[in-house]
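*Asks:* Got a predicted structure plus its sequence, pasted below:
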Amino acid sequence: MEYLMSTPPRQLTTTSFAILGLLALREWSAYDLTGFMRTSALQAFWPRTESRLYEEPKNLVAHGLAEARKERTGRRSRTVYQITDDGRSRLTSWLGASSAPRQIQDEAMVRIYFADQGTRDQLHRTLREAMAELDEQMTDILGFAPVVASGSGHFPNRLHITAFVVRQTIGLIRARLEFLQWAASWISDWEDTAVTLEKSERVKALLQYEIGEVEGMQRTLRDALEHAATDETGEARSGSTK
């Protein structure tokens, strides 16, 4: 067993802490870590290139948040990473901090946004490719979700946490499917992407309906926030009396 020297540190990012969180669960080789990130539900909401995933554990070592050692089995060798005490402390602190605002990166929607500068066929192709991509995502979900549900996944003792990830992932897929089905129907009778009086009148009615939906959802959300604030205040008072 051979311990490795670290490289100069770079700034810690959300990806850093995602890797650190996985190291808090178990030791990983760089190969296994990358494989897990590629196939787990984590990929659905925090995708990163494999090169970045291979480099980030080294950065954690450079910060003293992880340790790396070289293990040899016959002629083969692999680097194994494990979290340090400082790493666990830093991870706990990060979990208690506020999250950055949610960001959505969707190239298909950029193309749809400028669709009136192109042809109907181009817009239809964008929607069709988005549907095909969604089908691939569903295939990925069906690849790991049944294993998780059976209790034989990577971390069967964390099913109560994995449920958050799986539920949101499936919810996003459901919303995407609903949108793409609507979009395909919306353009079904278009001859081109140019504006017409009929299209304008239809979209005005649609937006009035959607605005009403958002107003209803906001009322529901604010009720939930109020209850959450009440619960936090109650827990704080309970904790202060102990």
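*Replies:* Great, that's in hand.

*Asks:* okay, CA-based contacts and neighbour counts for the rest of this
*Replies:* OK.

*Asks:* can you pull out the helices in the protein?
*Replies:* 14-25, 30-39, 42-45, 50-62, 85-95, 107-113, 120-149, 159-186, 197-240 (DSSP state H).

*Asks:* Just want the most central residue of this protein.
*Replies:* Phe45 (0.8 Å; CA atoms, centre = their mean).

*Asks:* If we ignore the residues flanking it in sequence, what's nearest that residue?
*Replies:* Spatial nearest neighbour of Phe45, chain neighbours left out: Thr169 (7.6 Å); criterion: CA to CA, 6 or more residues apart in numbering.

*Asks:* Isn't the one you found up against Ala41?
*Replies:* Yes: contact criterion CA atoms under 8 Å: Thr169 and Ala41 qualify, at 7.5 Å.

*Asks:* What's the per-residue pLDDT of the residue nearest to Met138 when sequence neighbours are not counted here?
*Replies:* In space, Met138 comes closest to Ile173 once its chain neighbours are excluded; the distance is 7.6 Å by CA to CA, 6+ apart. Per-residue pLDDT puts Ile173 at 93.

*Asks:* Identify the residues contacting Ile173.
*Replies:* Ile173 makes contact with Leu134, Gln137, Met138, according to CA atoms under 8 Å, 6 or more residues apart in numbering.

*Asks:* Any idea how many residues pack against the last one?
*Replies:* Residues contacting Met138 under the criterion other CA atoms under 10 Å number 15.

*Asks:* how near is the residue nearest to Phe45 to Leu142?
*Replies:* Relative to Leu142, Thr169 is positioned 12 Å away (CA to CA, to the nearest Å).

*Asks:* These two: who's more crowded?
*Replies:* For Thr169 versus Leu142, the count of surrounding residues by other CA under 10 Å is larger for Thr169: 19 against 11.

*Asks:* what does the average pLDDT come to for stretch 73-88?
*Replies:* The average pLDDT for stretch 73-88 rounds to 91.

*Asks:* and for it, what are the contacting residues?
*Replies:* Contacts for stretch 73-88 (CA under 8 Å, 6+ apart): 20, 23-24, 26-30, 57, 64-72.

*Asks:* Which ones among those map onto strands?
*Replies:* Within the contacts of stretch 73-88, residues falling in strands by DSSP state E are Trp28, Ser29, Ala66, Glu67, Ala68, Arg69, Lys70, Glu71, Arg72.

*Asks:* which one of those residues is nearest Pro156?
*Replies:* Distances from Pro156 to these, taken as CA to CA, are shortest for Trp28 (17.2 Å).

*Asks:* Over to Glu27: give its phi and psi.
*Replies:* Backbone dihedrals for Glu27, given as degrees, to the nearest 10, come out at phi -80, psi 150.

*Asks:* Who are the contact partners of it?
*Replies:* Counting by CA under 8 Å, 6+ apart, Glu27 makes contact with Val80, Tyr81, Gln82, Ile83.

*Asks:* out of the residues you listed, which are buried?
*Replies:* Buried members of the contacts of Glu27, scored by 16 or more other CA atoms under 10 Å, are Val80, Tyr81, Gln82, Ile83.

*Asks:* partners of the second one in the sheet?
*Replies:* With DSSP bridges as the criterion, the beta-bridge partners of Tyr81 are Trp28, Ala68.

*Asks:* so how far is Arg26 from it?
*Replies:* Distance from Tyr81 to Arg26, counting by CA to CA: 9 Å.

*Asks:* The last one too?
*Replies:* Between Ile83 and Arg26 the distance is 8 Å, computed by CA to CA.

*Asks:* Likewise for the first one?
*Replies:* Computed with CA to CA, the distance linking Val80 and Arg26 is 10 Å.

*Asks:* Equivalent analysis for the third one, please.
*Replies:* Relative to Arg26, Gln82 is positioned 7 Å away (CA to CA).
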